[in-house]
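Asker: Next come a sequence and a model predicted from it.
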2 protein chains.
Amino acid sequence: MSNKRVDIHNSNIPQVCVACEARHHGVCGTLTPAQLTKLSQTTNKHIYSPDEEMVPAGGEISHYSNILSGVVKLTRLMADGRQQIVGLQFAPDFLGRPFRASSDISAEAATEVRVCAFPKSTLEELVNEAPELEHKLHEQALKELDEAREWILTLGRKTATEKVASFLYLIATHIDPERSLDTAPMRFELPLKRADIADFLGLTIETVSRQITKLRKSGIIELEGTRIVIVPSIAALRRASASDSF
Amino acid sequence: MSNKRVDIHNSNIPQVCVACEARHHGVCGTLTPAQLTKLSQTTNKHIYSPDEEMVPAGGEISHYSNILSGVVKLTRLMADGRQQIVGLQFAPDFLGRPFRASSDISAEAATEVRVCAFPKSTLEELVNEAPELEHKLHEQALKELDEAREWILTLGRKTATEKVASFLYLIATHIDPERSLDTAPMRFELPLKRADIADFLGLTIETVSRQITKLRKSGIIELEGTRIVIVPSIAALRRASASDSF
DNA sequence: CGGCAACTTGAAATAATTCAAAAGTAGTGG
DNA sequence: CCACTACTTTTGAATTATTTCAAGTTGCCG
């Protein structure tokens, strides 16, 4: 009998969604089985390679996605080639700018990125019939706004060392969607190369490299090769990032 | 007979809302007369003086407001006293962080600011019964997110002169909610003093002052006293701010 | 008119960039 | 498996943009 309950529960949910992370923590979490079915019919899983462009700047927005795994860079380009990463997105974030035909921001895969994509129109229809979905998108927009303002503080007022420490702290606290914010030591692979980190922090590659060396020599971090970082104490890293509020 | 129509139209709308800007371009625009009445019963108009704190950082959020006139600074403070303005808000923006008990960001009046305030709970009840209201708030959050990311580019990659020009361009295009984005010369009073501009741009007061002098000597702007700015060509100012996308 | 805060200007100090080169890492094909 | 190339990262020395420190000047409100 217990397997009947399981059957009933799952039989209403589209096969592609059953094991999907986004259904639990992402925007799909608010949808009814019927709405999930509607969405899944236009849905398209896709894998991007590192540095592949996912959504070009300026172009017509034709689809949105849920990030299933990997890290996405949101970047802005200036006329003379100067570049700035204006945001990073992690699984299971929603990716896209709702209610706009186009955007000046391009989305690029930083790592390998798996997404579940669907047409703009499908989402917009669902939003009309499911206020809970718009609420979820609203919550994510507010979360991104909080993060963007945190980053404005970092770019405007922190030193180069504090900026790099802030970046490492950001990655440490976002790279694993499951992990709780505990104090245990951490080991992870940097999703960004030095050039990307520089574009995120408004610094040069060389300065980033020097600050990483400095943090390593001061014992805040250890390195394995060039991409693997070990953080003996998250609290110490947080202190180095000067992110304590008063 | 035409005055009967006008009567019907206006008799349903609360007296305090009739002439209100926020009803046309702000979040109140989506509310029915009945909802407007409900909101207006808990509504409280208030005037803040320049540099007065409107919402303290860290504190419990008890109310939201619509800005009727003036400019509001959103600021973040670091433990050691470093300060950064992370956003500016103009009439008829909605002011507050929905769905959160508190925020690290404080709101301060930059100029004299008139607001229409109401309790957190009233808004949250209205949101539940009026999806259009949440949509409007969502749109504003997305607009603020776009602006925050624009500012991240400014802070991360522009020179001091470009930053100051970007600030002047921002003010020129936001100070007057009515004015369309035309190319005619403009004259306006700066809503921020040099110290605030420095905190917004991540610079020092002295650097801001030097760049303003530089822009004046190059003919991009003219000054009357220290707060009145004349912009002979908005296009030239925009060029100086390096805000052209490719 | 006086006094205080806001703003400007100058000179020296500093943090970060630029330019240059070396060292490490990864992928490819013989 | 090693050699070859291309790319990424590190390190060093010189240069530059911005800050810091220190006076001045201007402008505003009582």
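Answerer: Here it is on my side, so go on.
Asker: Now name the helix or strand holding residue A:72.
Answerer: Assessed by DSSP states H and E, residue A:72 sits inside strand A:71-77.
Asker: Just name whatever secondary elements the helix or strand following that strand is in contact with.
Answerer: Counting by DSSP H and E, the next helix or strand C-terminal to strand A:71-77 is strand A:83-90. Applying 3 or more C-beta pairs under 8 Å, 6 or more residues apart in numbering or on different chains; DSSP states H and E, one finds that strand A:83-90 contacts strand A:71-77, helix A:131-157, helix A:160-174, helix A:194-201, helix B:131-157. Where C-beta positions appear, they are placed from N, C-alpha and C, glycine not excepted.
Asker: Convert the C-alpha atoms of strand A:83-90 to CSV, please.
Answerer: These are the backbone C-alpha positions of strand A:83-90, laid out as CSV (Å, rounded to 0.1, in the frame of the first residue of the first chain):
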residue,chain,number,x,y,z
GLN,A,83,34.5,44.3,-18.8
GLN,A,84,32.8,43.8,-15.5
ILE,A,85,31.0,40.7,-14.1
VAL,A,86,27.9,42.2,-12.4
GLY,A,87,26.7,39.0,-10.9
LEU,A,88,27.2,35.3,-10.4
GLN,A,89,24.4,32.7,-10.4
PHE,A,90,24.4,29.3,-8.9
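Asker: Please see if the helix or strand following it touches chain B.
Answerer: Per DSSP H and E, the first helix or strand lying C-terminal to strand A:83-90 is strand A:94-95. No. In terms of C-beta under 8 Å from any C-beta of the partner chain, no part of strand A:94-95 sits within range of chain B; the closest distance is 12.1 Å.
Asker: For strand A:94-95, which strands pair with it and how are they oriented?
Answerer: Strand A:94-95 has the following sheet partners, assigned by DSSP bridges: strand A:63-69 (antiparallel).
Asker: what's the burial count for the residue in chain A positioned nearest to DNA strand C?
Answerer: Residue nearest to DNA strand C within chain A: residue A:207 (2.9 Å; C-beta to the nearest atom of the strand). Neighbours of residue A:207 under the rule other C-beta atoms under 10 Å in any protein chain shown: 18.
Asker: tell me the contacts of it?
Answerer: By C-beta atoms under 8 Å, 6 or more residues apart in numbering or on different chains, the residues touching residue A:207 are A:160, A:198.
Asker: pretty sure it belongs to a strand, no?
Answerer: No. With DSSP: H, G, I helix; E, B strand; the rest coil as the criterion, residue A:207 is located in helix rather than a strand.
Asker: That one and chain B: what is the separation?
Answerer: Taking C-beta to the nearest C-beta, to the nearest Å as the measure, residue A:207 falls 13 Å from chain B.
Asker: Each with direction, which strands does the strand holding residue A:72 pair with?
Answerer: Strands that pair with strand A:71-77, judged by DSSP bridges, come out as strand A:83-90 (antiparallel), strand A:106-109 (antiparallel).
Asker: re the thing from before, nearest to DNA strand D, of the helices and strands packed on strand A:83-90?
Answerer: Nearest to DNA strand D, of all these, is helix A:194-201, at 3.2 Å by C-beta to the nearest atom of the strand.
Asker: Work out the gap between that closest one and the centre of the chain.
Answerer: Distance, stretch centre to chain centre, for helix A:194-201: 16 Å (C-alpha atoms, centre = their mean, to the nearest Å).
Asker: out of the helices and strands packed on strand A:83-90, nearest to residue A:95?
Answerer: Checking the helices and strands packed on strand A:83-90 against residue A:95 by C-beta to C-beta gives strand A:71-77 as the closest, at 6.2 Å.
Asker: The closest one: which residues count as buried?
Answerer: A:71-77 (16 or more other C-beta atoms under 10 Å in any protein chain shown).
Asker: Ok, stretch A:111-125 next?
Answerer: Buried positions in stretch A:111-125, judged by neighbour count with 16+ other C-beta under 10 Å: A:111, A:113-118, A:120, A:122-123.
Asker: Just the residues you listed: which are in helices?
Answerer: The members of these that map onto helices under DSSP state H are A:120, A:122-123.
Asker: tell me which of those residues is nearest to DNA strand D?
Answerer: Closest to DNA strand D, out of all of these and judged by C-beta to the nearest atom of the strand, is residue A:120, at 32.1 Å.
Asker: List the residues that contact that closest one.
Answerer: Residue A:120 neighbours (C-beta under 8 Å, 6+ apart): A:61-64, A:96.
Asker: hmm, try it at 10 Å
Answerer: The neighbourhood of residue A:120, defined by C-beta atoms under 10 Å, 6 or more residues apart in numbering or on different chains, consists of A:60-64, A:96, A:98-101.
Asker: Any of the residues you listed buried? List them.
Answerer: Neighbour counting with 16+ other C-beta under 10 Å marks A:61, A:63-64, A:96, A:98 as buried within those.
Asker: how about those, which pair is most distant?
Answerer: Once C-beta to C-beta is applied, these give A:63 and A:98 as the farthest pair, at 11.9 Å.
Asker: so what's the residue nearest to the spatial centre of chain A closest to, chain neighbours aside?
Answerer: The centre of chain A sits closest to residue A:89, judged by C-alpha atoms, centre = their mean, with a distance of 1.6 Å. Distances taken as C-beta to C-beta, 6 or more residues apart in numbering or on different chains place residue A:72 nearest to residue A:89, at 4.4 Å, with adjacent residues excluded.
Asker: What of residue A:138?
Answerer: Once flanking residues are discounted, residue A:138 sits nearest to residue B:138: 4.2 Å by C-beta to C-beta, 6+ apart.
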